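K.L.:
Could you work out the structure for the sequence below:
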Amino acid sequence: MASEKSAEHAHIEKLIANNLPGSPIYAFLLTPVRVVSASKGHVLCRLPLTQNHMNSKGGIHGSVSATIVDWMGGMAIASWDLREKTGVSVDIHVTYQSSAKEGDEIEIEGIADKVGGSLAFTKVNIFKVQDGQRAAAVITGTHTKFVRA
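P.N.:
Now for the predicted structure:
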């Protein structure tokens, strides 16, 4: 028997389907993204890397990693309470730990540590995937957003 998707999982898939086409940068970089799982405050996705994600040396571009932190921080916030609007960025910090290359698959983990009345605090981790399993960390990031309507 196939397990049903959580409400958070379905919500994140719907947000991606509805919002990616309206954001040129997200559509360009994230169109093949796949939601693996989602629960309150936690989203896990996978993304195959293409030439579009690479820098001139053949590794994942730093701006791509920062864009993924920006996007996934919002997805983690959306999974907190099934909201559609995830606020505006106040602070993004990205630590580059290793690299990934064209043809690699990455796993993107978004964690909402706190979603308050004004601010939301998230963590984002990007890992390489090897043999279908999470492997080496590529980046870690934090993303703070102003979320008051």
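K.L.:
only C-alpha atoms for contact and neighbour calcs from this point on.
P.N.:
Fine.
K.L.:
Tally up the residues packed near the closest residue to N52 other than its chain neighbours, please.
P.N.:
Nearest residue to N52, sequence neighbours excluded (C-alpha to C-alpha, 6 or more residues apart in numbering): L29, at 6.9 Å. For L29, the tally of surrounding residues (other C-alpha atoms under 10 Å) stands at 18.
K.L.:
Same check on S118?
P.N.:
Other residues within reach of S118, judged by other C-alpha under 10 Å, total 11.
K.L.:
Secondary structure element holding A17?
P.N.:
Using DSSP states H and E, A17 sits in helix 7-19.
K.L.:
Run the chain-centre distance for that helix.
P.N.:
The chain centre lies 13 Å from the centre of helix 7-19; the measure is C-alpha atoms, centre = their mean, to the nearest Å.
K.L.:
before we move on, what about stretch 79-99?
P.N.:
In terms of C-alpha atoms, centre = their mean, the centre of stretch 79-99 is set 7 Å apart from its chain centre.
K.L.:
So for that stretch, first residue to last residue, what's the gap.
P.N.:
End-to-end distance for stretch 79-99: 28 Å, by C-alpha to C-alpha, to the nearest Å.
K.L.:
I'd like the next helix or strand past the longest helix belonging to the chain.
P.N.:
Of all the segments assigned as helix in the chain under DSSP state H, the longest by residue count is helix 62-81. As assigned by DSSP H and E, the chain's next helix or strand after helix 62-81 is strand 88-96.
K.L.:
so what pLDDT did the residue nearest the centre of the chain get?
P.N.:
The structure's the chain has its C-alpha centroid closest to M72; by C-alpha atoms, centre = their mean the separation is 2.7 Å. Per-residue confidence at M72 stands at 99 (pLDDT).
K.L.:
hmm, back to that, for the longest helix of the chain, name the packing helices and strands.
P.N.:
Packing contacts for helix 62-81, counted by 3 or more C-alpha pairs under 8 Å, 6 or more residues apart in numbering; DSSP states H and E, involve helix 7-19, helix 24-30, strand 34-39, strand 42-48, strand 88-96, strand 105-115, strand 119-130, strand 133-146.
K.L.:
Need the contact partners of that helix.
P.N.:
8-9, 11-12, 26, 29, 38-43, 53, 55, 83-87, 89, 92-94, 96, 108-112, 115, 120, 122-125, 139, 141-144 (C-alpha atoms under 8 Å, 6 or more residues apart in numbering).
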